[in-house]
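S.K.: Compute the structure for the input listed below.
(one chain, ligands or ions: 1)
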Amino acid sequence: MADVVVVRAGADDRDDARDVRLRALAESPGAFASSLEREQVFDDAEWLHRVTTNAWFLVRADGATVGLACGVPEPDDDAGRHLVGMWVEPAFRGRGLADLLVAAVMAWARRARAEYVALWVVDGNDRALGFYERLGFEATGERQPLPGNPDVMEARMRLLL
Ligand SMILES: CC(C)(COP(=O)(O)OP(=O)(O)OC[C@H]1O[C@@H](n2cnc3c(N)ncnc32)[C@H](O)[C@@H]1OP(=O)(O)O)[C@@H](O)C(=O)NCCC(=O)NCCS
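M.R.: All right, here's what the predicted structure looks like:
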């Protein structure tokens, strides 16, 4: 097994964060409420803003960045935090790296004394659904069209801290 480490991205990691995020959008275009077309034109200032405003966690295996998860505020609720951008490079899936990324986001949320972490998962993304359920996330029953693609619905899940 590779030497695996999860790091919180800082300003100096913004190129790395940009690279892994764009790879995620290219590899899993249906999984996220954004697109490669939208984000590949973001300039350096935008990436700097993104990694320094929210909590970007990168997982590195033998020094190569192979996954990403972000913690962001929960819209309209100071008691919650939101998990977005979850992605692990296909060759590294099923090896526990995603667990490490979620654990980092949970620890970040706990340090902020948040009461829960929530997320949205699109209908049909059964691997992600199974993964989140294994970690204890439960569907809240809330559903909405995927922002940017109203033909696809997504479901909200939540894990109490
Ligand atoms: C979601 C993601 C980060 C999870 O990481 P992972 O390393 O693949 O996760 P794991 O393999 O630990 O867990 C996936 C679980 O789903 C199961 N699974 C795999 N394929 C499945 C399928 N088609 N249907 C249902 N369950 C499936 C796996 O067996 C595993 O369960 P287990 O741990 O009980 O064996 C990763 O798959 C990924 O990057 N996917 C593409 C991007 C994405 O969908 N992001 C989520 C946006 S909300």
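
S.K.: use CA for all of it now, contacts and neighbours both
M.R.: Noted.

S.K.: So which bits of the protein are right by the ligand?
M.R.: Applying Cα under 6 Å from any ligand atom, we find that the chain lies next to the ligand at 28, 31, 86-88, 93-96, 98, 120-121, 126-128, 130-131.

S.K.: Out of these, which end up buried?
M.R.: Among these, the ones that count as buried by 16 or more other Cα atoms under 10 Å are 31, 86-88, 98, 120-121, 128.

S.K.: Show me how far stretch 2-10 is from its chain's centre.
M.R.: Computed by Cα atoms, centre = their mean, to the nearest Å, the chain-centroid distance of stretch 2-10 equals 15 Å.

S.K.: residues of the lengthiest strand in the chain that come out buried?
M.R.: For the chain, the longest strand by residue count, based on DSSP state E, is strand 149-160. Neighbour-count burial for strand 149-160, with 16+ other Cα under 10 Å as criterion, is recorded at 153-159.

S.K.: Which strands or helices does that strand pack on?
M.R.: Packing partners of strand 149-160 (3 or more Cα pairs under 8 Å, 6 or more residues apart in numbering; DSSP states H and E): strand 116-122, strand 138-146.

S.K.: Now do the buried residues in the longest one.
M.R.: The neighbour-count check on strand 138-146 (16+ other Cα under 10 Å) flags 138-139, 143, 146 as buried.

S.K.: just to revisit the earlier point, got the helices and strands packed on strand 149-160 as JSON lines, with mean pLDDT columns?
M.R.: Output for the helices and strands packed on strand 149-160, formatted as JSON lines (pLDDT from 0 to 100):
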{"stretch": "strand 116-122", "mean pLDDT": "98"}
{"stretch": "strand 138-146", "mean pLDDT": "97"}
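
S.K.: which stretches of this structure form strands?
M.R.: Along the chain, the segments classed as strands by DSSP E run 4-8, 55-61, 64-73, 80-88, 116-122, 138-146, 149-160.

S.K.: Adding distance to residue 102, write these out as a markdown table.
M.R.: Output for the strands of the chain, formatted as a markdown table (distance: least, Cα to Cα, whole Å):
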| stretch | distance to residue 102 |
| --- | --- |
| strand 4-8 | 10 |
| strand 55-61 | 9 |
| strand 64-73 | 7 |
| strand 80-88 | 8 |
| strand 116-122 | 10 |
| strand 138-146 | 15 |
| strand 149-160 | 11 |
